[in-house]
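1. for reference, the sequence and a predicted model appear below.
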Amino acid sequence: MVTHALNLIDISLEYPDGESSLKALDAVDLVVGRGEFLSLVGPSGSGKSSLLAVAATLVKPTSGLVVIDGQDVSALKDAERTALRRDKVGIIFQQPNLLPSLTAVEQLLIRDHLRGKAVHEALGKAHELLKIVGLAASANKRPHQLSGGQRQRVNVARALMGSPTVLLVDEPTAALDHERSESIVRLLRRITDEFSTATVMVTHDTEFLPLTDSVTTMRDGRISPAALPSALPN
Ligand code: ADP
Ligand code: MG
């Protein structure tokens, strides 16, 4: 049997909403294999970020199964789930959230530092990743010395420090101009190919969709069938 890197099965997520509840995700299924780059589109409020949060094991679904690398996340204890997230999941949000006082290479190292891993071991890897994202010459720069696009590249490199199987990316280009946006999406394409990550990217930039392998559309918390022009009623 093929084990998919990420498998969401019949996921529903309800948020409390006053006396009742709001269904942010409604019977969602999603399968992403290693080396596959999937884009997730849909109107604001359709549940895209909620889906990423569930896939990232940051939010527990109300029902359904999250399976990462063959492991059923719901069967894990909190500490085990945290370990799985650390070892298998890379998360890239719209805002890089870099620490102002740290250099680019230090942004990558704090993660392993917190794990109690020898820093020198991680140092080589951090420099290698900064090279891959095109920042070899900026390793010792602090966030204020970097452009918005460069900060997002540090963010990407940082997400790769744990050698994730699953890479979850929420609107990585929302704060960038067109040219920088395209280069970030191209970078994510290259990373998906080189590291065989199962990559899910939420995006508004429909023009970059051809750089991804498939497009999934969400609407009102559900995966909606691709709306091909020929299938639209006239
Ligand atoms: P998208 O990323 O597609 O814009 P979200 O996943 O952020 O959509 O939101 C889906 C729905 O869930 C929206 O109606 C939103 O208001 C609601 N929602 C998102 N996060 C929360 C939260 N933490 N608490 C309550 N409701 C939320
Ligand atoms: Mg969102």
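-> That came in fine, so what should we check first? Ligands and ions are numbered 1, 2, ... in the order given.

2. just checking, next helix/strand downstream of the helix or strand bottoming out on mean pLDDT in the chain?
-> Here the helix or strand of the chain ranked lowest by mean pLDDT, DSSP states H and E is helix 104-114, holding a mean of 83. For helix 104-114, the following helix or strand on the C-terminal side (DSSP states H and E) is helix 119-132.

3. could you export that next one as CSV, keeping only the C-alpha atoms?
-> Listed next in CSV are the C-alpha coordinates belonging to helix 119-132 (Å, rounded to 0.1, in the frame of the first residue of the first chain):
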residue,chain,number,x,y,z
VAL,A,119,24.6,23.8,17.3
HIS,A,120,27.7,23.0,15.2
GLU,A,121,25.8,20.1,13.7
ALA,A,122,23.0,22.4,12.6
LEU,A,123,25.3,25.2,11.5
GLY,A,124,26.4,23.4,8.4
LYS,A,125,22.8,22.6,7.5
ALA,A,126,21.7,26.2,8.1
HIS,A,127,24.3,27.6,5.8
GLU,A,128,23.5,25.0,3.1
LEU,A,129,19.8,25.9,3.3
LEU,A,130,20.6,29.7,3.1
LYS,A,131,22.6,28.9,0.0
ILE,A,132,19.7,27.0,-1.5
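
4. helices or strands up against it?
-> In terms of contacts (3 or more C-beta pairs under 8 Å, 6 or more residues apart in numbering; DSSP states H and E), helix 119-132 is packed against helix 104-114, helix 148-159. The C-beta positions use only the backbone N, C-alpha and C, and glycine is treated the same way.

5. could you give the mean pLDDT of the last one?
-> By that I understand helix 148-159. Regarding helix 148-159, the rounded mean pLDDT is 95.

6. tell me the angle that helix makes with helix 104-114.
-> With axes from the mean of the first three to the mean of the last three C-alpha atoms, to 10 degrees as the basis, helix 148-159 and helix 104-114 are set at 30 degrees to each other.
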